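1. Based on what follows, work out the 3D shape:
(2 chains)
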Amino acid sequence: MSYIVPIGPYHPALEEPVHARLYTDGESITDAEVFIGYNHRGIEKLATQKNFIQTLVLVERVCGICSHSHAFAYALALEQIAGLKVPKRGEYIRVIIAELERLHSHYLWLGIALHLIGHDSLFMHSWDDREAIMDILEELTGNRVNYGAVTVGGARRDITDDQRKDILEMLDKIEKSNIALRDILLADKTVALRTQGVGVLTTEDAYRIGAVGPHARASNVPVDVRKDAPYSSYDDFDFDIAVWPSCDVFARVVVRVLENVESIKIIRQALENLPKGPINLGTRIPKIPAGETMFRHEAPRGQLCYKVVTDGGETNKRVSIHVPTFKNAPTVPVMLRNNSVADAGLIIASIDPCFSCMDR
Amino acid sequence: MQEYKKIAITKEEIRPIAQKMRDANVHLAMIHGFINDDGKPNVSYEYEIGPTIESYTVDGESVLPSIVDIYDLGAEWAERELQELMEIRFEGLNNDKRLFMPDVMFEGQGHIMVTPMKELIDKAHGRKEDKE
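-> As a prediction, this is how the structure comes out:
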């Protein structure tokens, strides 16, 4: 018997609303469609009415998980148009916050994935580690989300010696548990049964559709903006791109656990070599000349693109935001095909979707 | 450091360039658009060549050939988005449904990037009052 099974827009497996329609033959999915737009807030339209600092605050609210990435990418785009040179200490602080954000985002996703897999004790362990990261972000910026850590021309808040010590202590704690988490995930039978061979996105399909970020890296596509097109101070740090060849949900779990190790490495190097000096170019609203650019930043979910067009005035002529989920979501129907309906929630969640980002 | 290189092209060059890039496995970062000072669309096809973005730009054309058959779903959503935000049509794109806004919103008419903000607010208000 063939059925059409709707999932969402509101569903326990989804953190945010999206609608998927599964075409099934018995338990097997033969085709699928994804419908988006439930979080559309017209942010790009609103950005054309705001000055540059107001837009910085606005774009940080595109997403609650990768808020820093949006502000960072927008600031980088404006700095490129204006030819601004950000003080090194400011660059390092922005990278530290970006990597802390990646860590908490990956732990959030790991927790959700483990919960969907049915491994609730590991879910609780991973979210316990995430809390330690969130506490540090709160200590550094005053907020658990929407950190307000970036301004055009640098960082808004400095990192004190005490805070530096606290971050290093937190990294020691999560590094140990991340190793334990990795060893359990690689060996656990429950995780293997629920994830191996499930939701396969072949390397060829990943290239064809243009998948990005950890999702692409889990399909054996070695792309990472931090390496391919270095920006800010990423050139100064030694880290590897985590790639896994199995192309299934298991690979997506493993890649994120391995990326946690790399992020910890980057933060340690940045803290050990934190340069002295100013953190930004001052607090005045910067004069941005007429220009146009597109800047890429490796957000937790993949490549985040900000196209900014200015006309020399006080507001943006156009801010076009293209987020990793916009590139990864079209892979979902491909991954769902020939899988069972019971795995659909996990497969949709496996791209680490952020529908607030995608809908803007 | 990342670089941005803008290259002006005609609409006839869009598909040959896309095919050349696809054959070389070049990632299409995005298709962006905005309305220029003459009120005409300006559409850029942004390709990633290492640390450089090569931005192939078509200015002043509101009907463009679709590259969905070349870049598949990687281009379809981008073309649908532009079609929804401003008055641009992609020939060969078979799906002209809105991507973001509900079909019934603003009577299914108009493009929010080119509609003045006041008009959008008034429309939204009108709908609210109708309901009350």
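2. and A:Phe355, what does it touch?
-> A:Leu14, A:Glu16, A:Pro17, A:Val18, A:Ile36, A:Tyr38, A:Asn39, A:Thr325 (CB atoms under 8 Å, 6 or more residues apart in numbering or on different chains). Quick note: C-beta positions are derived from backbone N, CA and C, even for glycine.
3. Please report the distance of the closest residue to it other than its chain neighbours from chain B.
-> If the residues on either side of it in the chain are set aside, A:Phe355 comes closest to A:Glu16, at 4.1 Å by CB to CB, 6 or more residues apart in numbering or on different chains. Noted for A:Glu16: a distance of 14 Å to chain B, by CB to the nearest CB, to the nearest Å.
4. Is it correct that A:Glu16 is in contact with A:Ser356?
-> Yes - look at A:Glu16 against A:Ser356 with CB atoms under 8 Å: they come within range, at 5.9 Å.
5. ok, those two, which is more surrounded?
-> The neighbour comparison of A:Glu16 against A:Ser356 (other CB atoms under 10 Å in any protein chain shown) goes to A:Ser356, with 24 against 20.
6. if we can go back for a sec, residues contacting the residue nearest to A:Phe355?
-> So A:Glu16 contacts A:Tyr38, A:Asn39, A:Pro353, A:Cys354, A:Phe355, A:Ser356 (CB under 8 Å, 6+ apart).
7. Out of the residues you listed, which sit inside helices?
-> Mapping these onto helices (DSSP state H) picks out A:Phe355, A:Ser356.
8. and which of the contacts of A:Glu16 is nearest A:Ser105?
-> A:Cys354 (8.8 Å; CB to CB).
9. Apart from its chain neighbours, what residue comes closest to the closest one?
-> Leaving out its chain neighbours, the residue that sits closest to A:Cys354 by CB to CB, 6+ apart is A:Thr325, at 4.9 Å.
10. check which helix or strand covers that neighbour.
-> Per DSSP states H and E, A:Thr325 falls inside helix A:324-328.
11. What is the burial count for A:Lys276?
-> Neighbours of A:Lys276 (other CB under 10 Å): 7.
12. That one touches A:Arg89, doesn't it?
-> Yes - with contact defined as CB under 8 Å, A:Lys276 counts as touching A:Arg89 (6.7 Å).
13. So which residues on the stretch 1-150 of chain A come close to chain B?
-> Contact residues (CB under 8 Å from any CB of the partner chain) of the stretch 1-150 of chain A with chain B: A:Ile36, A:Gly37, A:His40, A:Gly42, A:Glu44, A:Lys45, A:Thr48, A:Gln49, A:Gln80.
14. right, and the pair among those residues with maximum separation?
-> A:Gly37 and A:Gln80 (30.6 Å).
15. Got the domain ranges for chain B?
-> Domain segmentation of chain B under automatic domain parsing yields B:3-100, B:101-132.
16. In the stretch 1-150 of chain A, where is pLDDT below threshold?
-> A:13 (pLDDT under 70).
17. Show me where it has its helices.
-> When assigned using DSSP state H, counting those that start in this stretch, the helices of the stretch 1-150 of chain A occupy the ranges A:43-47, A:52-59, A:67-82, A:88-117, A:120-141.
18. closest one to B:Asp23 among these?
-> That would be helix A:67-82 among these, by CB to CB, at 29.6 Å.
19. Residue numbers of chain B in contact with chain A?
-> Residues of chain B lying close to chain A (CB under 8 Å from any CB) are B:1-2, B:4, B:6, B:25, B:27-30, B:32-34, B:44, B:46, B:48, B:50-53, B:55, B:71-74, B:76-78, B:85, B:98-102, B:112-113, B:117, B:120.
20. can you give me the strands for chain B?
-> Here chain B has its strands, by DSSP state E, at B:3-8, B:28-35, B:41-49, B:52-59, B:63-65, B:89-91.
21. typo on my end, it should be the stretch 151-300 of chain A
-> Per DSSP state E, counting those that start in this stretch, the stretch 151-300 of chain A carries strands over the ranges A:154-155, A:290-299.
22. The ones you listed: which one's closest to A:Glu314?
-> Across those, A:Glu314 has its closest neighbour in strand A:290-299 (12.1 Å, CB to CB).
23. Which strands border that closest one, and is each parallel or antiparallel?
-> Here strand A:290-299 is paired, per DSSP bridges, with strand A:302-311 (antiparallel).
24. So in that sheet, which strands flank the helix or strand just after the partner strand, and in what orientation?
-> Downstream of strand A:302-311, the first helix or strand assigned by DSSP H and E is strand A:316-322. Looking at strand A:316-322 with DSSP bridges, its partner strands are strand A:302-311 (antiparallel).
25. buried sites along the strand it pairs with?
-> Neighbour-count burial for strand A:302-311, counted by 16 or more other CB atoms under 10 Å in any protein chain shown, picks out A:Gly302, A:Gln303, A:Leu304, A:Cys305, A:Tyr306, A:Lys307, A:Val308, A:Val309, A:Thr310.
26. Just the C-alphas of it, formatted as CSV.
-> Output in CSV follows, covering the C-alpha atoms of strand A:302-311 (Å, rounded to 0.1, in the frame of the first residue of the first chain):
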residue,chain,number,x,y,z
GLY,A,302,28.7,24.8,7.3
GLN,A,303,29.4,27.7,4.9
LEU,A,304,27.6,30.9,5.7
CYS,A,305,27.5,33.5,2.9
TYR,A,306,26.9,37.2,3.4
LYS,A,307,26.5,39.3,0.3
VAL,A,308,26.5,42.9,1.2
VAL,A,309,25.9,45.8,-1.2
THR,A,310,26.4,49.4,0.1
ASP,A,311,26.0,52.8,-1.6
